[in-house]
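1. Quick one: sequence and predicted model below, then my questions.
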Amino acid sequence: MADALPQEAHVPAHGAGHGHGHGEQNFFMKYLWSTDHKMIAFQYMFTGMALAMIGAFMAYVFRMQLAFPGHSVPGYGVVTPNNYNALITNHGSIMIFWVAMPVLIAGFGNFLIPLMIGADDMVFPRINRLSYQIFLLSALVLVASLFVQNGGFGGAWTAYPPLSAVQKYNLTPIGASMWVIAVALEFVAFLLGGINFIVTSMNSRTRGMKAFDTPIVIWTIVIASILFMASVGPLIAGAVMLIFDQLLGTSFYDPNRGGDPILWQHLFWFFGHPEVYVVLFPAVGIVAEIITVFARKKLFAYKTVIFTFIATGILSFFVWAHHQFVAGIDPRMANVFTVTTVLISIPIAEMMFVYIATLYGGSITFASPMLWALAFIGEFLIGGVTGIYLGASGLDIYFHDTYFVVAHFHYTFFPIAIIATFAGITFWFPKMFGRMMNETWNKVHFWGTIIPFNGIFIPLFFLGAAGEHRRIFDYSSFPHLATPELQMLRILATVSLIVMLLFQPIFIINFVMSAIRGKKAEKNPWKSNTLEWTADSPPPHGNWAEMPVCYRGPYEYHVPGRAEDYWPQNLPPDAQEAH
Amino acid sequence: MIGWIAQIEYFVPRASSYAGDTDRLFWLITVLVGVWFIAAEAMFFWLIFRFRARPGVPGQYITGKEKHLKRWVNWPHSLILICDVIIIVAAVRVWVNVKQTLPPPDLRIRVVAQQWAWTFTDPGPDGQLDTPDDVRTTDELHLLNGKTYHFLLESKDVLHSFFVPAFRLKQDAIPGRIYTGWFRTQRTGSYDILCAEICGMGHGVMGAKLVVEEAPQHAAWLAAHKMDAALAALNTPPPPADTTKTAAPPAVTH
């Protein structure tokens, strides 16, 4: 492998004549108008975290309403039915489109891709900046939509017409249109970001780094970007038709005038289901990086993992109608989609098995990033197996649109958007800010998040099994759902949520204080192999003075015959060792 | 505690002929995925414990290509495929029975959803829908026990979903279409009818009461309702019985 390397020294791509200078910059250019991939990553990450707080507050308000219906919620007031619908709709939209997407794909993707493949920046830095600016605009439009006349859109994050398309049905004419516009803008932002991720990963890998030498997280972000780009087109078309229906009086979805409401469901879920994997993949990529470092172990079957991602990604385009089993589609179609849906358990189970097998023969230490990564596997398994209940068409007749679904997808999305994010932040914090986080407070925060998380969502499985349907602001209208036993479960979930939220300031304070005053971090505090750990902490604009050269794959831990238990990708091979 | 969990399971009585099939499918899946879930989690925690860092014990170098280790992934993998096939077959059997077949009906009812109420049309004493003796009720549905029903489901405005947990039945109502489905009642009692698709401001109160009763009670209820209807008819003349309504295309309303 080393023979194939050109012999001349590598010249960094960011020379004097390069489009964006790397010299001293004023505050505005450095923090707000930057083309530096790391700064754009922080912009995405902090915007996502700010919106996560809004989304979490919404969850607090509607869970309080469910536990104590009709009572004034401290910090919000009395929740009306329209408030409730707007809260659940925007909680879902925010957490998926404005938290999971920006933090996991755009945040970690921007930060990690150039650093892990040994590039000085993204190939299209200005498109990257534009991507964030459009994303910020979309977030502002969404937040503003909550404060317009008649309030925010309340037709659920799936926005099924005719409810979403017709003003007299949804009663939120302005909020509904702003919601669709915000979502469409957000998609434009991620299309631009995705172009950058794919092109950069394919073209800017440093000398010696072959495709199968790149860390798993790079693969997952690239595959996720491809999935996103391939699936989002139909939904953008659908969103434009929805805006036309709302504002221009067209009738793409209005059955009274020749339209079809089911059309939207197909377009939405053709995007919506791959979207699940778009956010899942970066999360499992982050977990792969962390478990290999803290188990001091080579990833079990690197190529198999990549093929499971590709197989899952392809299969994910053929499962969308499992969201529509009882929507009035031809019932024979359900048989096809139940087969594809249940079969997706094969690559996903393989992925989980490979991760668990990676622990075999390791030497595992339990720093907080590892705790988060292990928690991801343990909790995501629950989300995975409960998906089988819903993919089985005959049982989905009962479970569709009940709290069983809510509990199921929170057991996938919470590990993805929250657990994997905390794993990634605690792991790369030293590289991001050049300082270590406080480990004790990280562990307190970990247990204070994980235990209540299960307390929130396990009761929801039981509520769903009891037939509790979704998006209801008060169950007192339904005698069989208004029993004291079920109300106890609702209160248990709400109390757990409040406990979990009370632990979050610990993380925020620890984050801020460590970034300012934490212990100085070395270049490679976790003794990791991947290239980002060879840059300074934090890396300067341009990342390396001299670009690193890659000699081997990313997971060479405990290689026999070496004194050190790790073997960084950039170390030249010893002369006598055959690699 | 166990009794309490059992209570949750029996919270929703099995009031239709296929409710038992659905519940058996639930338990089949629970057993199959439960075994895998427990095995995976047990292996996961055991490996974490067994291979925790200990001084003097280095980690191993394993690529994942070793046959004796790879089988620990490949065997479970093949077994999962077998479980998948079992689950798919069981799920499709329930599905085909509930959604893809239409046994001959004893009676037919009409279910109309709108923001935010359910309207039910009972065929009345003659057992025929769309005849003058039909009984129309709002937010209350009375059914005979032990009968096979066809329901004609429609919506007047947005999507709704006709959800009867005790029947293990859910079906979206789509404006502009009439969906025909079936169920067979098998247990008397009073149950909830819910709207399971978000339908606007009143979604949270869009419920109805379902009463499954024996013939004498049903006849008494019909008679009482005929009386009410007759009294109401004195004040407002009823719309003409329109038997072509179901087949006609929806009216243009703008």
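-> Okay, I see it. Quick caveat, the model's predicted, so the values are computed rather than measured.

2. which other residues reach stretch A:524-539?
-> Stretch A:524-539 has contacts (CB atoms under 8 Å, 6 or more residues apart in numbering or on different chains) with A:38, A:112, A:115-118, A:206, A:215, A:289, A:293-294, A:367, A:369, A:427-428, A:430-434, A:436, A:521-523, A:543-544, A:548, A:550, A:554-557, A:565-570. C-beta here means a position set from N, CA and C on the backbone, and glycine is covered the same way.

3. Recalculate using a threshold of 6 Å.
-> A:115-116, A:118, A:215, A:293, A:430-431, A:433-434, A:521, A:523, A:543-544, A:548, A:554, A:566, A:568-570 (CB atoms under 6 Å, 6 or more residues apart in numbering or on different chains).

4. repeat for stretch A:322-335
-> Residues from elsewhere that reach stretch A:322-335, judged by CB under 6 Å, 6+ apart: A:265, A:269, A:321, A:337, A:341, A:391, A:393, A:396-397, A:400, B:92, B:95, B:99-100, B:170-172, B:174, B:179.

5. start to end distance for it?
-> Using CA to CA, to the nearest Å, one end of stretch A:322-335 lies 10 Å from the other.

6. List the buried residues for that stretch?
-> Residues of stretch A:322-335 classed as buried: A:322-329, A:331, A:334-335 (neighbour count, 16 or more other CB atoms under 10 Å in any protein chain shown).

7. next one: stretch B:115-128
-> Those would be B:115-124, for stretch B:115-128 by 16+ other CB under 10 Å.

8. Which of these fall within strands?
-> Among these, the residues falling in strands (DSSP state E) are B:117-122.

9. Let me know the closest of the residues you listed to A:L315.
-> Lowest distance from A:L315 to those (CB to CB) belongs to B:W118, with 38.6 Å.

10. Next, name the residue at the spatial heart of the chain.
-> Went with chain A since none was named. A:A100 (3.3 Å; CA atoms, centre = their mean).

11. Can you look at chain B instead?
-> Short answer for chain B (CA atoms, centre = their mean): B:L169, at 2.1 Å.

12. neighbours around the spatially closest residue to that one that is not a sequence neighbour, how many?
-> Nearest non-adjacent residue to B:L169, counting by CB to CB, 6 or more residues apart in numbering or on different chains: B:F183, 5.6 Å away. Neighbour count for B:F183, taken as other CB atoms under 10 Å in any protein chain shown: 22.

13. residue ranges for the helices of chain B, please.
-> B:2-9, B:19-50, B:67-95, B:215-235 (DSSP state H).

14. Comparing those helices by mean pLDDT, which bottoms out?
-> Note on these: lowest mean pLDDT is at helix B:2-9, with a mean of 46.

15. Now B:K147. Its backbone dihedrals?
-> Dihedral pair for B:K147: phi -120, psi 150, per degrees, to the nearest 10.

16. Drop anything exposed from the contacts of stretch A:524-539.
-> A:115-116, A:118, A:215, A:293, A:430-431, A:433-434, A:521, A:543-544, A:548, A:554, A:566, A:568-570.

17. Out of these, list just those in helices.
-> Among the buried ones among the contacts of stretch A:524-539, the members falling in helices (DSSP H) are A:115-116, A:293, A:430-431, A:433.

18. What's the separation between A:F135 and chain B?
-> 27 Å (CB to the nearest CB, to the nearest Å).

19. Now do the one helix or strand that residue maps to: which elements does it pack against?
-> If you go by DSSP states H and E, A:F135 is part of helix A:125-145. When contacts are defined as 3 or more CB pairs under 6 Å, 6 or more residues apart in numbering or on different chains; DSSP states H and E, helix A:125-145 sits against helix A:37-67, helix A:173-203.

20. For chain B, find the nearest of those.
-> Between chain B and these, the tightest spacing by CB to the nearest CB is seen for helix A:37-67, at 10.1 Å.

21. Next, report how far the next helix or strand after the closest one is displaced from the centre of its chain.
-> Using DSSP H and E, the helix or strand that follows helix A:37-67 in sequence is helix A:81-93. Chain-centre distance of helix A:81-93: 21 Å, with CA atoms, centre = their mean, to the nearest Å.

22. Counting by contacts, list what helix A:81-93 packs against.
-> Judged by 3+ CB pairs under 6 Å, 6+ apart, helix A:81-93 is in contact with helix A:37-67.

23. and the angle for the helix it packs on with helix A:81-93?
-> If you take axes from the mean of the first three to the mean of the last three CA atoms, to 10 degrees, helix A:37-67 sits at 140 degrees to helix A:81-93.

24. And chain B, is helix A:37-67 touching that?
-> No: taking CB under 6 Å from any CB of the partner chain as the criterion, helix A:37-67 and chain B are apart, separated by no less than 10.1 Å.

25. now that helix: mean pLDDT?
-> Here helix A:37-67 scores 96 as its mean pLDDT.

26. go on, stretch A:399-416?
-> In this model, stretch A:399-416 carries a mean pLDDT of 96.

27. got a pLDDT number for the residue of chain B most remote from its centre?
-> The centre of chain B is farthest from one residue, B:G56, which by CA atoms, centre = their mean lies 59.2 Å away. The per-residue pLDDT reported for B:G56 equals 85.

28. go on, the one 3 residues further on?
-> Per-residue confidence (pLDDT) for B:G59: 87.

29. With A:H579 instead?
-> At A:H579, the model reports a pLDDT of 44.
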